[in-house]
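Novice: Starting from these lines, generate the structure:
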Amino acid sequence: MALAKFADVTKDIKDMLGDDFDSKYSLKIKSAAPENTTLTTTLTYSSKDSAIVPKSALKWAGPSGFTLDKLEVTNDLRPTVETSLTGIAPGLKLFFKGNDSDKAELSADYKLPNIMVTTSLDILKGSYANMDLVYKHGDILVGAATAMKMKGSTPESTFKGALKYSIPNVTEVAVTATPQTGSYEGLLLYEGVSPQIKIGGKVSYEKSGLCGAVVSSYKCNPDTTIKKKLDTKGVLSLSVKQNLPKKLSVVGSATLPLNSGLKGIKYGLNATLG
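Specialist: So this is what the prediction gives:
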């Protein structure tokens, strides 16, 4: 199990639970461009406006550890930029995220053999400052995150904790907690049935009550994966992912609230080329 940032401690389990169930229609095209750049164009159908919404993003790996991770322009010509820089000191990586109006965030990752420290700061308005720490011991990850936000002129702080235990190629179990909001979550990813089958689940407790979901994934062949998910709200979700030649993958999905019949069904079709 690799050392990860706090935000990524439970990422693989949450990806298993959430990926491939999008109720939208989109086409993403990734293509290599000159001078070590990558251009990604995303076309998404908006049912609200009955129109196709385009979005383009450029990535460029520059010299001396500088990378333009994303230069994104939406259909209304609003730019967003994300950059990173390495080589300043061993284990240190700096990031910047911003747009042309209301966001400018500077963050840093500092990685030691068994410890990852992440900090982020709003350098535009000073509205928040975050610090995360993850410690790895064998097959265990322990993480803590603190966040301070300004609500008017009053600072508010929150604390989150995470713990993940992994048995390689068999099981991952994780728990997260946010005491200030009374939110607690348990996550499970089990791969011990067979190499083709994965089972995932989560149980969440909040002030509004208890909820959860169970997901199963079956890899029929090297190019086809079928997933099913059922949550405690009575929503059944199905998806089929098919890998095709020329680096094309297509995911079809359907979401059905069992208490509303076929009238509540939602479909999704998402394709990625490149």
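Novice: What pairs with the one helix or strand residue 148 maps to, parallel or antiparallel?
Specialist: Secondary-structure element containing residue 148, defined by DSSP states H and E: strand 140-151. With DSSP bridges as the test, strand 140-151 is paired with strand 128-137 (antiparallel), strand 154-167 (antiparallel).
Novice: hey, which of the ones you listed is tucked in deepest?
Specialist: The highest average neighbour count among those, using mean count of other CB atoms under 10 Å, belongs to strand 128-137 at a mean of 17. For every residue, glycine as well, the C-beta is placed using N, CA and C.
Novice: Name the surrounding residues that touch that strand.
Specialist: Defining contact as CB atoms under 8 Å, 6 or more residues apart in numbering, one finds that strand 128-137 is touched by 1, 3-7, 9, 114-122, 141-150, 162.
Novice: What's the ChimeraX line that selects buried ones from these?
Specialist: To isolate the buried ones among these in ChimeraX, judged by 16 or more other CB atoms under 10 Å, type:
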select :3,4,5,6,9,116,117,118,120,121,122,141,143,145,147,162
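Novice: surely residue 97 meets residue 122?
Specialist: No. With contact defined as CB atoms under 8 Å, residue 97 does not count as touching residue 122 (10.3 Å).
Novice: Between the two, which contacts overlap?
Specialist: Shared contacts of residue 97 and residue 122, defined by CB under 8 Å, 6+ apart, comprise 104-105.
Novice: now the closest residue in space to residue 74 that isn't next to it in sequence: how far from residue 157?
Specialist: In space, residue 74 comes closest to residue 55 once its chain neighbours are excluded; the distance is 5.4 Å by CB to CB, 6 or more residues apart in numbering. Distance from residue 55 to residue 157, counting by CB to CB, to the nearest Å: 35 Å.
Novice: Check which residues of stretch 222-230 are buried.
Specialist: Under 16+ other CB under 10 Å, the buried positions of stretch 222-230 are 225, 227, 229-230.
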